[in-house]
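> Model the structure of this input:
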Amino acid sequence: MTGYRLAVCAEMVFLDLPFPERVTRIAQLGFEAEMWSWAGKDIDALVKSGATISSMTGYLTGTLADPDGADELLRTAQQSLEVAERLNCPRLNIHGTGLDDRGLPVVPAAVVTPRMWLTAARTLTRLAALGERAGRMFTLENLNTVVDHPGTPFARTADTVALVEAVGSPHLRLNLDLYHAQIGEGNLIQLVERALPFVGEIQVADVPGRQEPGTGEIHYPAIAAALRRLGYHGVVALEGWASADTQTALQRFRGAFDPYQ
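Numbers count the residues shown, from 1 in each chain. Model prediction:
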């Protein structure tokens, strides 16, 4: 049997259903569920669904690299931890800066200065301390700046790994998103090998189009084999759109990570 578990982001599938019903359908198909911001969602209904919520966004507003933004990020991270406690959600995801509803950075940065690096590391250290007290893990996600998130600081995998390594806490890990990494960096198996000691979870989608594995250029069965070889025991989550009907898309996702391939 494979050591990793499969999850699906409920924000991007079963779009004709109310959000709690999406989570229920995902669970019925044998996957864990992930979500973005908890704001505006029926948390009581999600709790009652009994589904495993394996990851959620860990802040509402704020940024990493300036003092005022850091205080706001930590304030809303504490609120997010309280929701995560209700959902029994172990991981809370963050980004190099806050993102608007189009995925664009609220504080874009053409150049990341040494002072910004220091402030970000200090902010993440404080965030990890919040996670430790709550018994939760924050994950810092790499993003691509070519297609989806131009101007986002600390976006490349090398940046996120450097920050996670600098903090040195098990309560701050990397959310290694291979869709973003393929666009910005490539060499995914080598990237996984280098980053895996710092990984808290892995997210996937194909390129181009950000749809399920098998719709683009990434050969995900080879990556699945590498994860098994490396002994990865965490979550692999589909954070992508369904190319046709969701049921077929999730079958393709599961097939790409079939332990017997």
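> quick one: the strands in the stretch 151-261 of the chain?
Along the stretch 151-261 of the chain, the segments classed as strands by DSSP state E, counting those that start in this stretch run 172-177, 199-204, 235-238.
> how about low-confidence regions in this protein?
1-2, 259-261 (pLDDT under 70).
> what about stretch 72-82, distance to the chain center?
In terms of CA atoms, centre = their mean, to the nearest Å, the centre of stretch 72-82 is found 17 Å from the chain centre.
> which residues are in contact with it?
With contacts defined as CB atoms under 8 Å, 6 or more residues apart in numbering, stretch 72-82 is touched by 38, 56-64, 92, 94, 98, 123, 126-127, 130-131, 134, 136, 138. No exception for glycine: its C-beta is placed from N, CA and C like everyone else's.
> Cross the residues you listed against helices and list the overlap.
Counting by DSSP state H, the part of these found in helices is 123, 126, 127, 130, 131, 134.
> For the residues you listed, give me a markdown table that also has neighbour count and distance to residue 182.
A markdown table is the format used below for the ones in helices among the contacts of stretch 72-82 (neighbours: other CB atoms under 10 Å; distance: CB to CB, whole Å):
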| residue | neighbour count | distance to residue 182 |
| --- | --- | --- |
| 123 | 25 | 28 |
| 126 | 15 | 32 |
| 127 | 26 | 27 |
| 130 | 18 | 32 |
| 131 | 25 | 28 |
| 134 | 18 | 33 |
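> Mind putting the residues you listed into TSV with distance to residue 160?
Below are those laid out as TSV (distance: CB to CB, whole Å):
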residue	distance to residue 160
123	14
126	17
127	13
130	19
131	16
134	21
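> ok, which stretches of this structure are helices?
19-28, 43-49, 67-87, 114-134, 157-167, 178-184, 188-195, 220-230, 246-256.
> Which one, of those helices, ends up nearest to residue 205?
Judged by CB to CB, the one of the helices of the chain that comes nearest to residue 205 is helix 178-184, at 4.0 Å.
> you'd agree residue 176 is up against residue 197?
No: applying CB atoms under 8 Å, one finds residue 176 not in contact with residue 197, separated by 11.2 Å.
> Tally up the residues packed near residue 251, please.
14 (other CB atoms under 10 Å).
> ok, back up a step: and the helices of the chain, which is most packed in?
Neighbour counts (mean count of other CB atoms under 10 Å) averaged over each of those peak at helix 178-184, with a mean of 23.
> Now do it: which elements does it pack against?
Here helix 178-184 touches helix 188-195, strand 199-204, going by 3 or more CB pairs under 8 Å, 6 or more residues apart in numbering; DSSP states H and E.
> could the ones you listed go into TSV alongside distance to residue 110?
Compiled in TSV, the helices and strands packed on helix 178-184 are given as follows (distance: least, CB to CB, whole Å):
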stretch	distance to residue 110
helix 188-195	25
strand 199-204	26
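> now the strands of the stretch 151-261 of the chain as JSON lines including distance to residue 4 and mean neighbour count?
As requested, the strands of the stretch 151-261 of the chain are exported to JSON lines (distance: least, CB to CB, whole Å; neighbours: other CB atoms under 10 Å):
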{"stretch": "strand 172-177", "distance to residue 4": "12", "mean neighbour count": "25"}
{"stretch": "strand 199-204", "distance to residue 4": "8", "mean neighbour count": "24"}
{"stretch": "strand 235-238", "distance to residue 4": "5", "mean neighbour count": "26"}
